[in-house]
Every structure is written in structure tokens, then in C-alpha cells.
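**Student:** With the sequence up front, the predicted model follows.
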Amino acid sequence: MPSPTRSSYVLAVAVALVGTVVGVTGQASAAQRAPEPRVAAAAGATLPVSSAEAESAATTGQKIGPDHTQGALASEASGRQAVRLAGGQSVEFTLDRAANALNVAYNVPDGQSGSLAVYVNGTELDESLAVTSKYSYVDTPWIVGAKTHHLFDNARLLLGRSLQAGDKVKLVAVSTEVTVDVADFEQVEEPAAAPAGAISVVDKGADATGQQDSTQAFRDAITEAKAGGGTVWIPAGDFKLGSELSGVENVTIQGAGSWHSVVHSSRFINQTGSAGKVTIKDFAVIGEVTERVDSSPDNFVNGSLGPDSRVSGMWVQHLKVGLWLTGNNDNLVVENNRILDTTADGLNLNGNAHGVQVRNNFLRNQGDDSLAMWSLNAADSDSTFANNTISQPNLANGIAIYGGSDITVKDNLISDTNALGSGIALSNQKFADPFFPLAGTITVSGNTLVRTGAVNPNWGHPMGALRVDAYDSAIEANVRITDTTIEDSPYSAYEFVSGGGTGNAVRNITVDGSAVDGVGTVVVQAETPGAVTMSNVTATQVGAAGVYNCPYPAGSGTFTLTDGGGNSGWDSTWDDCSAWPEPGSGN
């Protein structure tokens, strides 16, 4: 959801809904025609890491979860499970590929810090993995329904040796309780060499030890390089920037690799406009943002990089937002990045974004939407979120499209959304004016949603894995949802709603091709007038019923679900609009 202060999710409905039940029309029996086989593209990013869940590893600690309760530690964990280690307890991973680096998602109790001792094949390394609660336990009281959240954090370590498949890495809690969620193992390449002709920030006076402020050295290098469209080189080292950069255009800013060149800055680029042709690549920006202050530009990129720019190979962590993009960012490409532990969005195209491609990125532990387009002031258009892997947004959606024209969301893998969030949300919630609602064709294709959807504490009932929301105005765009995989949704698979409770219609929706494997309540959750045609949707392990069809408010109209054929496993209807179905309550 947008980072500036937003209107609350308020739906005056709670659990007692009344309305008119409208059954499925058209081809009455999904079993009459077998679903046509489909070949879906692989969802998610191609990543250089192998991730291992702690609950699946050998441990002397205590497994916690699964749990979907807002505010509970396990509810924010990958897989909704983790391993709690008291002092001296351990979790041991067996590698399935070569690696020389480790990143761990973990939690420690509020107000505490400590370390995890690291053992390789039984031998303790000299360097341990520092853990802290400094960046966790975020409160946002202005967001109605929020509780203390952002309970996990990530810490990384170069192991100083190359390990092979079959080697064992053990983590031992030393000085505080540590809950380990997931470990990422990676083979990191040696630092890259500077490109010919590049202007080194060290030659301009930057301190590669991170002791002295290097802001002016970075500014001087950018000024010299952009005059000829050149490259600013950030060698291996740690660099502290106490102030933001601006005037960045017609320049490449490049590092020796995101594990080697590290910039410590809570505001890296902040500028309202740029002539463009900016490339930012192959280094890390790690901030010190410990709370969410929406009036502060505590972001990796805040504003505009200008047309024809590119961001790739970055490690972005401990900022408010990774990229909060306003102004002209036409034809921007954001690819192959990791964005971790932001207190708000991972990336937000905040109006007037045209031809933007956001692809093959990994995002974990966002305090708001991981990826968002918000058509404020002007419409985002012809832009795409593709092949991204998103894990554990803890206060909103995995991907959210708030308005805009001709948008594509395809082949993404999204898992473990928490309070106030669906895996994917297509919404006309405006938050502020002028807002440009969904228009043209919205294409949602080939996405995989795992354990997505959550209870909205303001509504008193859940949001589905994929939500189409006529919050402030009717959905008039042509919304095409195809080849979707939904696994282990704690509540519903597809939700059609007017989240403001005003009964705005959801129209022009088609769902074609979907494998639903496990829903706690229903496959289709219809709560507002409108219509959808669903074809080739197969469901197994349905908790309560196939369809919940109770438009709100009473008398606002009907919702018509047309069977386009090829559907199976969800032909029953929840028949009591006065009560919300509980997970697993049966037909």
C-alpha cells in the first residue's frame, strides 16, 4: 500500500453479512467437461541462492508454528514455521550445492542483541553472525488494524571458504534467544574489476573503511562522470554516506558486487527529476531505518531516475522503501535485485510510470506492499511486474496494483502474506486524489500464490489470495486472470469485494486456468455486485464450500458467477450470509 499516510481499510460488515445469494450460471456441472491441460511458465525469480527452512533442518531447539494469527511470531515466518533456539541450542543445515556465503532470516526478543556462532562440519568459524532486534518490532498506529509487526530481520556473512554439497553448517545461539526462520546459501564471486575509464570514488577521497563520511567524494565522482556518460566506480569496501545524492543523470554507478561494495546510507538518491540514462548496479545499500516515518525520504531511490534507466544486481536493506518512484521513470528496468527488511514498500511506481519493467527480483520482509503501482497524479501505464519472488510482506500485499492502465503482472511467486494483505491485489482504492482507476486491460498471468491472504482486522474477516477490489469506484477495466496456481491459502482463493463497503461493482473479470490446492474457506469469495466468468479452475482440499456469494451492503445488487466450463471441485455454495465460514468448517 502507498507509503504516505493512507485512509484506513474500513468495511462496516464484521462477520454478519446479509445480501442476495446468486448461484453459478451457465454450464451447471463442471464435471461435464474435463479441464484442458495447460503448461504454465515457471513462476518467480531465478536466484543465485539455495534457501533452507529451519523447521526442516536438524535442531535441538523448539519448532514454532504454523500460525496465521496477526502479531504472532510464526505468522510472519516463511512457511509460518521457524525454530526457536535458547542459549546453546542449534539448528544444522546440510547444503545441496556449493556456497561460500550465508544469509539468515531470524528474530530475537525485543530490545535484545546477540550472535549466532557458525560451525562448518563441526568446526566453529572465527566470525559469528550478529543478530539484533534493532530493525524489528515496528509500530504504525496511523494504519488502522496494524499491530506491532516486522518481527524478523536478515543478517549475512561471507564464510571465508568454499563449501560443497553435503557439507553442514550449524548455527548456535550464543548470548540471547534466537528464532531462525530460513537460511540462504550462495556462491559469491570474487570482487569485480573496475571498468576501463571508470572514476573511482576512492580517488575522489572516499574512505573504504567506512569511518569517514564519503558523500562529497561520491558527488564529485558523479559530477565528473556524467559529463561524458561515464562510470562511477565503487570498489570493494564499506562507504558511509551521511547525506543523499541528487543530480544523478547520464551516469553509471557500479560496484564490485553486492557482497563486496557496501554503501551505508539511509537515503541514497533523492531527486525530483533527471534527464535519465542512469544505471545503478552491483553494490549494496544498507541503511539504518528502524521505524517508518512517511514524511521522510528514507529510501534507496526517492523520486526520478529519468527515462531509459536501469537498476540491477543491488542488495537493498534496512530502508523505508527500496524504490519510491515519482516523476519521469519511463522505460526503467529494475532487475536481479534483492530488497530486504524495508519498513514500508519494496518498490512503488507512484504515478506517471510508463513502460517500466520490474523483473527477476527477490523481496523479503516488507512492512507494506512488496511491489506496488499507485496511479496518483497520473496513470501508470504499460508497465510490468514479472518473474519476481516475494516472501513475507507483513502488513500488506505481495503485489498491489492501485489503478493504472494496461498493466501486466505475470509469472511471480508470492508467499506468506500477513495482516491487511493478499498475494495479489487489483484495486481502485485511491488513498488520495487525483487518482486514476484501473483502465484498459489488466493482465494477471502465470502467478503462483502460496499461503497468501489474511484476516483483515478492520473487516473482521479475511481477504483472499487474489483480490479484485472496487474500493472507491467500480472496476471497469478488462481484467484477465489466467494460469494461476494457489496453494494452501489460509482462507479463500479469489475475492471480489468493494473494500469501502459501498457496493461498487466488479465487472469485466475473467479467470481462465487455475489450480487451487488447499483453501481454508472458499474458492470464490464474492462480497459486492458484479460479474465474473471462471473457466478451467480446478480445486482440491476446499475447507468450507466452493462459493461464498453475499454482496454487501444488502440490496446493493447481485454478483453473477458464470461457469465457462472446465471447472471442478468447487460446485457447492455457502448458504448462510449471516455468518462468515470458518476455515475447514465443511460444506
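**Tutor:** Yep, it's here.

**Student:** Tell me the confidence at the closest residue to Pro48 other than its chain neighbours?
**Tutor:** Nearest non-adjacent residue to Pro48, counting by C-beta to C-beta, 6 or more residues apart in numbering: Glu186, 5.5 Å away. For every residue, glycine as well, the C-beta is placed using N, CA and C. With respect to pLDDT, Glu186 has a value of 98.

**Student:** Bridged to Glu186, which residues?
**Tutor:** As for beta bridges, Glu186 partners with Val49, Ala101 under DSSP bridges.

**Student:** wait, isn't it in contact with Ser51?
**Tutor:** No - using C-beta atoms under 8 Å, Glu186 is not in contact with Ser51; the gap is 9.8 Å.

**Student:** So for the two, which residue has more residues nearby?
**Tutor:** Glu186 (21 against 17; other C-beta atoms under 10 Å).

**Student:** who touches the more buried one in this structure?
**Tutor:** 48-50, 99-103 (C-beta atoms under 8 Å, 6 or more residues apart in numbering).

**Student:** Show me which of those residues are buried.
**Tutor:** Among the contacts of Glu186, those buried by neighbour count (16 or more other C-beta atoms under 10 Å) are 48-50, 99-103.

**Student:** Output those as TSV; include the columns distance to Ala353.
**Tutor:** Output for the buried ones among the contacts of Glu186, formatted as TSV (distance: C-beta to C-beta, whole Å):
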residue	distance to Ala353
Pro48	28
Val49	29
Ser50	33
Ala99	37
Asn100	38
Ala101	34
Leu102	36
Asn103	30
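
**Student:** do you know how far Asn412 is from Gly446?
**Tutor:** 8 Å (C-beta to C-beta, to the nearest Å).

**Student:** so what sits against both of these two?
**Tutor:** Contacts common to Asn412 and Gly446, judged by C-beta under 8 Å, 6+ apart, are Ala43.

**Student:** The two: which is more packed in?
**Tutor:** Neighbours around Asn412 and Gly446, counted as other C-beta under 10 Å, are more numerous at Asn412. The numbers are 29 against 21.

**Student:** Please verify my assumption that that one contacts Ala43.
**Tutor:** Yes - the criterion here is C-beta under 8 Å, and Asn412 meets it with Ala43 at 6.1 Å.

**Student:** what's the overlap in contacts for those two?
**Tutor:** Contacts common to Asn412 and Ala43, judged by C-beta under 8 Å, 6+ apart, are 387, 447-448.

**Student:** Just the buried ones from the residues you listed?
**Tutor:** Buried among the shared contacts of Asn412 and Ala43 by 16+ other C-beta under 10 Å: 387, 447-448.

**Student:** Could you single out the nearest of the residues you listed to Trp374?
**Tutor:** Using C-beta to C-beta, Asn447 is the member of these that lies nearest Trp374, at 19.6 Å.

**Student:** Now do the contacts for that closest one.
**Tutor:** Here Asn447 is in contact with 43, 409-414, 423-424, 466, 484-485 (C-beta under 8 Å, 6+ apart).

**Student:** residues of stretch 579-587 that come out buried?
**Tutor:** 580-581.

**Student:** what's the residue nearest to the spatial centre of the chain sitting at in phi/psi?
**Tutor:** Centrality entry for the chain: nearest residue to the mean C-alpha point is Ser370, 2.9 Å, by C-alpha atoms, centre = their mean. When read as degrees, to the nearest 10, the backbone of Ser370 gives phi -70, psi -50.

**Student:** so it makes contact with Gly398?
**Tutor:** Yes - at 5.3 Å, Ser370 counts as touching Gly398 under the criterion of C-beta under 8 Å.

**Student:** who touches both of those two?
**Tutor:** 390, 414.

**Student:** which residues in the stretch 51-200 of the chain form helices?
**Tutor:** With helices called from DSSP state H, counting those that start in this stretch, the stretch 51-200 of the chain shows none.

**Student:** got it, and the stretch 251-400 of the chain?
**Tutor:** Going by DSSP H, counting those that start in this stretch, the stretch 251-400 of the chain shows no helices.

**Student:** Which positions in stretch 122-141 come out as buried?
**Tutor:** For stretch 122-141, by 16+ other C-beta under 10 Å, it's 125, 128-129, 131-133, 135-138, 140.

**Student:** if you look at these, which of them are in strands?
**Tutor:** Judged by DSSP state E, strands contain the following of these: 129, 131-132.

**Student:** CSV please, covering the residues you listed and showing pLDDT and distance to Asn337.
**Tutor:** What follows is those, written out as CSV (pLDDT from 0 to 100; distance: C-beta to C-beta, whole Å):
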residue, pLDDT, distance to Asn337
Leu129, 98, 23
Val131, 98, 24
Thr132, 98, 24
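
**Student:** Looking at these, spot the one nearest Gly145.
**Tutor:** Once C-beta to C-beta is applied, the member of those that ends up nearest Gly145 is Thr132, at 27.5 Å.

**Student:** That closest one is in contact with Asp153, isn't it?
**Tutor:** Yes - using C-beta under 8 Å, Thr132 is in contact with Asp153, at 7.1 Å.

**Student:** Surely Ser445 and Asp483 touch.
**Tutor:** Yes - counting by C-beta under 8 Å, Ser445 touches Asp483, with 5.7 Å between them.

**Student:** what's the offset of stretch 118-127 from the middle of its chain?
**Tutor:** Between the centre of stretch 118-127 and the centre of its host chain there is 33 Å, according to C-alpha atoms, centre = their mean, to the nearest Å.

**Student:** got a list of contacts for that stretch?
**Tutor:** 90, 92, 102, 117, 128-129, 157, 159-161, 163, 167-172.

**Student:** Which members of those residues are classed as buried?
**Tutor:** 90, 92, 102, 117, 128-129, 157, 159, 163, 167, 169-172.

**Student:** ranges for the helices of the stretch 401-550 of the chain?
**Tutor:** Going by DSSP H, counting those that start in this stretch, the stretch 401-550 of the chain shows no helices.

**Student:** Kindly check the end-to-end length of stretch 164-183 for me.
**Tutor:** This stretch, stretch 164-183, spans 16 Å end to end (C-alpha to C-alpha, to the nearest Å).
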